[in-house]
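Participant: need a 3D model of the following:
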Amino acid sequence: MTNIDYKSVLEKIPTLFNINLNDGEGKKLLFERLSSILEYDFAGIYFLNPESAVLKYSSSKDYQDEESFKLAPSIKEKLFTEKGFVFNQNSDIQKNLNLGFYKSFIIEKLIIGQTVYGFILLASKKENEYDGNSLTILNSCSKILAYLIKDVELSEVFKLQLKALKDGIVDKNNAYKTIKEQNEKILESEKIKMEFLANVSHELRTPLNAILGFSEILSTGACGELNPKQQEFVSDIRVSGLHLLGMVNEILDMSKIESNTVKLVCTKFFITRALSEVANILKPLAKQKNVRLIIEYEEDFEVVADYQKIQQILYNLVSNAIKYSPKEDEVVITAKKEDKNFILTVHDNGIGIDKKYHGKIFAKFVQLDSAYTKKESSTGLGLTITKELTELHGGNISVISEINNGSTFVVKIPLRD
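Facilitator: Predicted structure coming up:
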């Protein structure tokens, strides 16, 4: 059994959210990210039907996608009814799926609602490679993959129906009805996915807050003085916990936005107060990379807006800027009044964004593929939430950026009396 770096695993699992299986590179990226979470020599995603298992996605060129494997009745029952499981050589499942080269296996089901529609299998040439801890990790991955894969399949059916209509193959009225039904299924799948994410996030937030609270107590020396190494460990726990809590909160925020339950609570406040508080909150993150946070403004001024949501807009933009900035650099946060608007800008000297992606970065679960984004875990929701909260104030957000030339995000919000 390979030793598991749980901190690394916790950071990498959410990166599965960012995979687009409609993209030509999506399948390759899926297996790359899975292999960084759990080691395997073969990974397969199978769909189940009453008689067989169909290999839908495979990490190996030795197996053809869409290959069908007839299953013994006892195996079908096991796959449909039991929870995920670990097994070793000489299993009937190994024989049925033609996996004779491997010595240890792990399986977890793919479920939408209460329906099992497939499973993910990892196989290793090492003996006893997987155990209960591996199963817990794969279970977390399978919950994300179940929705990613199902969304793609529904989208494919939708595309086929459109093609059939275009080619005149099917009756138009019947085609419109079928397309409408498939579109409703896609929307329902998206709704179920967001509900699932919100429920998981609620469950995670309580223990995370406890971890952060205890780490804060330890760092103050209330339980005894810590040596420098212990202080470093406690600091790592706190920074990682804050990062994960931020991701959890993003999912909850997105869920509220999608259900139209987000309301503005507007008050009057000085804009520099919001800038300073966000900078103070993010100092530990900036300190890790020796990034300086610089606040610039010509004059302080009052605005009428939802203070917490303005803070969140700034937090999302500044934390992103820190994340993608080079070490020992700076992030500049500015505020000014212009005509009947107030404008917030966040500038970094990081990797930049190709112009062709400027319209995509505000979409849900989008994370651009680069050397930096592969290292950094996120939900891909931060900019989506920022855009939604800005528009809720009647404003807009834009980006000025080029590859290797930094990024400037500009938020423009109307001034209110």
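Participant: make it CA atoms for all contacts and neighbour counts henceforth
Facilitator: Noted.
Participant: thought residue 12 was touching residue 35?
Facilitator: No: if you go by CA atoms under 8 Å, residue 12 and residue 35 don't touch, sitting 10.4 Å apart.
Participant: what about these two, which has more around it?
Facilitator: residue 12 (20 against 16; other CA atoms under 10 Å).
Participant: pLDDT score assigned to that one?
Facilitator: At residue 12, the predicted lDDT confidence score is 80.
Participant: same question for residue 244.
Facilitator: For residue 244, the pLDDT comes out at 72.
Participant: check residue 401 too.
Facilitator: For residue 401, the pLDDT comes out at 90.
Participant: okay, and the beta partners of it?
Facilitator: residue 407 (DSSP bridges).
Participant: phi and psi next, for residue 297.
Facilitator: phi -160, psi 150 (degrees, to the nearest 10).
Participant: isn't it up against residue 342?
Facilitator: No: the criterion here is CA under 8 Å, and residue 297 misses it with residue 342 at 11.5 Å.
Participant: which residues are in contact with both of those two?
Facilitator: Residues within reach of residue 297 and of residue 342 at once, by CA atoms under 8 Å, 6 or more residues apart in numbering, are 335, 336.
Participant: the two: who's more crowded?
Facilitator: Remark: of residue 297 and residue 342, residue 342 carries more neighbours, 20 against 14, as counted by other CA under 10 Å.
Participant: and the more buried one, what helix or strand is that in?
Facilitator: Assigned by DSSP states H and E, residue 342 belongs to strand 341-348.
Participant: how about that strand: buried residues?
Facilitator: Of the residues in strand 341-348, 341, 342, 343, 344, 345, 346, 347, 348 count as buried by neighbour count, 16 or more other CA atoms under 10 Å.
Participant: can you lay out those as a markdown table showing pLDDT and distance to residue 42?
Facilitator: Listed next are the buried residues of strand 341-348 as a markdown table, based on pLDDT from 0 to 100; distance: CA to CA, whole Å:
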| residue | pLDDT | distance to residue 42 |
| --- | --- | --- |
| 341 | 94 | 56 |
| 342 | 95 | 54 |
| 343 | 96 | 52 |
| 344 | 97 | 49 |
| 345 | 97 | 47 |
| 346 | 97 | 44 |
| 347 | 96 | 43 |
| 348 | 95 | 41 |
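Participant: mind listing what residue 87 touches?
Facilitator: Residue 87 is in contact with 104, 105, 106, counting by CA under 8 Å, 6+ apart.
Participant: then residue 137?
Facilitator: Listed by CA under 8 Å, 6+ apart, residue 137 has no contact partners.
Participant: follow-up on the earlier one: strand partners (parallel or antiparallel) of the strand holding residue 342?
Facilitator: Applying DSSP bridges to the sheet, strand 341-348 is found paired with strand 330-338 (antiparallel), strand 407-414 (antiparallel).
Participant: in JSON lines: the ones you listed, plus distance to residue 276.
Facilitator: Shown next, in JSON lines, are the strands paired with strand 341-348 (distance: least, CA to CA, whole Å):
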{"stretch": "strand 330-338", "distance to residue 276": "10"}
{"stretch": "strand 407-414", "distance to residue 276": "17"}
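Participant: so for residue 396, which of those strands sits nearest?
Facilitator: When the strands paired with strand 341-348 are compared by CA to CA, strand 407-414 sits nearest residue 396, at 5.5 Å.
Participant: now the closest one: buried residues?
Facilitator: By 16+ other CA under 10 Å, the buried positions in strand 407-414 come out as 407, 408, 409, 410, 411, 412, 413, 414.
Participant: so what sits opposite the fifth one in the bridge?
Facilitator: With DSSP bridges applied, residue 411 shows beta-bridge pairing to residue 344, residue 397.
Participant: quick one: it and residue 393 touch, right?
Facilitator: No: here residue 411 lies out of contact with residue 393, judged by CA under 8 Å, at a distance of 10.7 Å.
Participant: same for the helix or strand hosting residue 387, what does it pack against?
Facilitator: If you go by DSSP H and E, residue 387 is part of helix 382-392. Applying 3 or more CA pairs under 8 Å, 6 or more residues apart in numbering; DSSP states H and E, one finds that helix 382-392 contacts helix 228-258, helix 307-323, strand 396-401, strand 407-414.
Participant: C-alpha coordinates for the third one, PDB please?
Facilitator: Read it as strand 396-401. Taking C-alpha atoms only, strand 396-401 is exported to PDB below (Å, rounded to 0.1, in the frame of the first residue of the first chain):
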ATOM      1  CA  ASN A 396     -20.000  44.800 -14.500                       C
ATOM      2  CA  ILE A 397     -16.500  43.100 -14.400                       C
ATOM      3  CA  SER A 398     -13.900  43.000 -17.100                       C
ATOM      4  CA  VAL A 399     -10.300  41.800 -17.500                       C
ATOM      5  CA  ILE A 400      -7.300  43.300 -19.200                       C
ATOM      6  CA  SER A 401      -4.600  40.700 -19.700                       C
END
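Participant: buried ones in it, by neighbour count?
Facilitator: By neighbour count on 16+ other CA under 10 Å, the buried set for strand 396-401 is 396, 397, 399, 400, 401.
Participant: the second one and residue 320, how far apart?
Facilitator: What that stands for is residue 397. 15 Å (CA to CA, to the nearest Å).
Participant: also the first one?
Facilitator: Between residue 396 and residue 320 the computed distance is 18 Å (CA to CA).
Participant: just send the helices and strands packed on helix 382-392 back as CSV, with distance to residue 149 too.
Facilitator: Output for the helices and strands packed on helix 382-392, formatted as CSV (distance: least, CA to CA, whole Å):
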stretch, distance to residue 149
helix 228-258, 19
helix 307-323, 28
strand 396-401, 31
strand 407-414, 33
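Participant: confidence score at the nearest residue to residue 242 once chain neighbours are set aside?
Facilitator: Nearest-residue entry for residue 242: residue 212, 7.4 Å, with adjacent residues in sequence omitted and distances by CA to CA, 6 or more residues apart in numbering. Residue 212 is assigned a predicted lDDT (pLDDT) of 76.
Participant: name the element residue 212 belongs to?
Facilitator: Applying DSSP H and E as the criterion places residue 212 in helix 172-219.
Participant: OK, contacts around the residue nearest to residue 347 when sequence neighbours are not counted?
Facilitator: Counting by CA to CA, 6+ apart, residue 347 lies nearest to residue 408, which is 4.3 Å off, once chain neighbours are set aside. The contact partners of residue 408, taken as CA under 8 Å, 6+ apart, are 345, 346, 347, 348, 399, 400, 401.
Participant: how far away is residue 408 from residue 387?
Facilitator: Applying CA to CA to residue 408 and residue 387 gives a distance of 15 Å.
Participant: number of nearby residues for residue 404?
Facilitator: With other CA under 10 Å as criterion, residue 404 counts 12.
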